[in-house]
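*Asks:* Mind looking at a prediction? Sequence and model below.
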Amino acid sequence: MKLSALAPTFAVCRLDAKALIPEWATRGIFFSVSRTDEELSIVCEEALVPDGIRCEKNWRALKVAGPLDFALTGILASIANPLAAAGISLFAVSTFDTDYVLVKIQDFERASSILGL
């Protein structure tokens, strides 16, 4: 499995479930939007998030080289298990073609080393 790092720093934001998807969230090289009946969750470049938005900042993203076949199993587990053993938490985002794993900036170098980046 080949990983690459995305350059920007990211934020994971939480908005009201009925909020419209804000234009600022869609400007970067990578963003992900999920809506449930409880929240609107947005992952986007940290520099784009306006003041006053509830968010968790200081994330770096690792991208799994894809596209990945839907029949593949254990991709996220092969990333999550060694990081969990090292006490590194993650935030995962999956797309049609691949997976992204976000780790906090302070854990990024260690996570990259553990995962052989």
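*Replies:* That came through fine. Source: prediction; values computed, not measured.
*Asks:* what are the bridge partners for the residue positioned nearest the centre of the chain, then?
*Replies:* For the chain, L102 is the residue whose C-alpha lies nearest the centre (CA atoms, centre = their mean; 4.0 Å). With DSSP bridges as the criterion, L102 is bridged to A61, F91.
*Asks:* State the number of residues packed around S112.
*Replies:* When neighbours are counted by other CB atoms under 10 Å, S112 registers 15. Glycine gets a C-beta too; all of them are placed from N, C-alpha and C.
*Asks:* part of a helix, is it?
*Replies:* Yes: secondary structure of S112 (DSSP: H, G, I helix; E, B strand; the rest coil): part of a helix.
*Asks:* Find the nearest non-adjacent residue to it, please.
*Replies:* Leaving aside its chain neighbours, S112 sits nearest to A5 (6.9 Å; criterion: CB to CB, 6 or more residues apart in numbering).
*Asks:* pLDDT value on the one you found, please?
*Replies:* A5 is assigned a predicted lDDT (pLDDT) of 95.
*Asks:* measure it to S34 for me?
*Replies:* According to CB to CB, to the nearest Å, A5 stands 23 Å off from S34.
*Asks:* cool, E109 as well?
*Replies:* Going from E109 to S34 by CB to CB gives 28 Å.
*Asks:* pretty sure A25 is in a helix, no?
*Replies:* Yes: according to three-state DSSP, A25 belongs to a helix.
*Asks:* Show the contacting residues for it.
*Replies:* Contact analysis of A25 by CB atoms under 8 Å, 6 or more residues apart in numbering lists C13, F31, V33, I42, C44, L48, V49.
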